[in-house]
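# Sharing a sequence plus its predicted fold:
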Amino acid sequence: MSIILAIESSCDDTSASIIKNGEVLSNIVCGQDVHRSYGGVVPELASRQHLSNIVPTVEMALKQSNIAYSDLDAVAFTRGPGLLGSLIVGLCFAKGIALSQNIPLIEVDHMRAHILAHFAEDPKPKFPFLCLTVSGGHTQIVKVNDIFDFELLGQTIDDAAGEAFDKTGKILGLDYPAGPIIDKLAKEGTPNYDFTTPKVDGFNFSFSGLKTAIMYFLKAEMKKDPEFIQKNMKDICASVQKKIVDILLSTLERAAIEHDIEHLAIAGGVSANSELRMRFQVMTNEKNWNSYIPRFEYCTDNAAMVGIAAYYKFLNQDFTNHDVTPSAKVNWN
């Protein structure tokens, strides 16, 4: 029997979840609109918003689950990677609950939690499986041999896929976050424009050069026609989205073939992208591979994925000392 309160505060979403015996009872996410006018997340503003949001978010998760603080067996938090100020808020709040209730503290890695979000519901992936994890700050291919055995096969060497969407959106004059907007516009457009595919070793990714290529392409076209973007917005979005998805899936396919793995998964905020989900399903069906795609609420940053990761650590009695500090960068050692 285990009831775990999980807290996620790695970026600009404050989230709390109650996990009972590995089952998600609640998963509350409170976003932040304060960053919209800046075209990206402002770290100082994010941490201040977490301070305002964390108490009501946790209270709502408890209320929705009909759970009291005294019922908790452990409290989990995201240690990193993420924005340092934001991580501190979640960590300190978790420490306070753990001390007040005399219960264990469990630290969770944000990227591993994205992968283990697949275990929040059935069907669960079979080991070993490959997971393409794509978010605003990270793009990785991970071989998952077991719940606690992760092998990083490749990652971005510069910008992540989510950054490519958002930075392109900024060039196009779209609102932030641009990823969902590009996804929506792309559905009505045609991918008429081709962009170069970055050459990267192994199963790594690079999206910085793609962003630059898009910028120079648009500048050249706007010299010919200042209204080029407005006239061709949907086709531009469709072309950009197709190229990003091409890069992601072609690399994942190569990794699956080389490692002889037939169980594939996607995770992270960008895995909510409709074209990525559709083409991932098509690719796995054509190859007769098994595919796993989490529900939308488990794709973006949320505490349920943190709670699921914590549940398995709880079963393993893997607890954290109170001298723990947040980690802004990912560590796969």
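Thanks, I have it.
# Quick one: the strands in this protein, in order.
Counting by DSSP state E, the chain has strands at residues 3-8, 14-20, 23-30, 74-80, 105-109, 129-134, 139-146, 149-155, 263-267, 290-292.
# now the third one and strand 3-8, what's the angle there?
In other words, strand 23-30. With axes from the mean of the first three to the mean of the last three Cα atoms, to 10 degrees applied, the angle from strand 23-30 to strand 3-8 works out at 30 degrees.
# tell me the mean pLDDT over strand 23-30?
Across strand 23-30, the average pLDDT comes to 97.
# what's the angle from that strand to strand 14-20?
Counting by the same axes, to 10 degrees, strand 23-30 points 170 degrees away from the direction of strand 14-20.
# Mind checking the strands of the chain for the one nearest to N204?
strand 149-155 (4.6 Å; Cβ to Cβ). In short, each C-beta sits where N, CA and C put it, glycine included.
# Just checking: what are the partner strands of that closest one?
For strand 149-155, the pairing partners within the sheet under DSSP bridges are strand 139-146 (antiparallel).
# State the number of residues packed around Y38.
Around Y38 there are 10 other residues, counting by other Cβ atoms under 10 Å.
# how close does T196 get to G80?
34 Å (Cβ to Cβ, to the nearest Å).
# Okay, domains of the protein per the record?
Listed domain ranges for the chain are 3-115+298-315, 125-293 (source: automatic domain parsing).
# export those to JSON lines and tack on distance to K329?
Below are the domains of the chain laid out as JSON lines (distance: least, Cβ to Cβ, whole Å):
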{"stretch": "domain 3-115+298-315", "distance to K329": "5"}
{"stretch": "domain 125-293", "distance to K329": "10"}
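# so of those domains, which one's packed in deepest?
The highest average neighbour count among the domains of the chain, using mean count of other Cβ atoms under 10 Å, belongs to domain 3-115+298-315 at a mean of 21.
# what about that domain, start to end distance?
Chord length of domain 3-115+298-315, first to last residue, is 12 Å (Cα to Cα, to the nearest Å).
# Check the offset of that domain from the chain's centre.
14 Å (Cα atoms, centre = their mean, to the nearest Å).
# just stretch 112-127 next, same as before
14 Å.
# Let me see the mean pLDDT of it.
Taken as a whole, stretch 112-127 has a mean pLDDT of 96.
# likewise stretch 137-144?
Averaged over stretch 137-144, pLDDT sits at 94.
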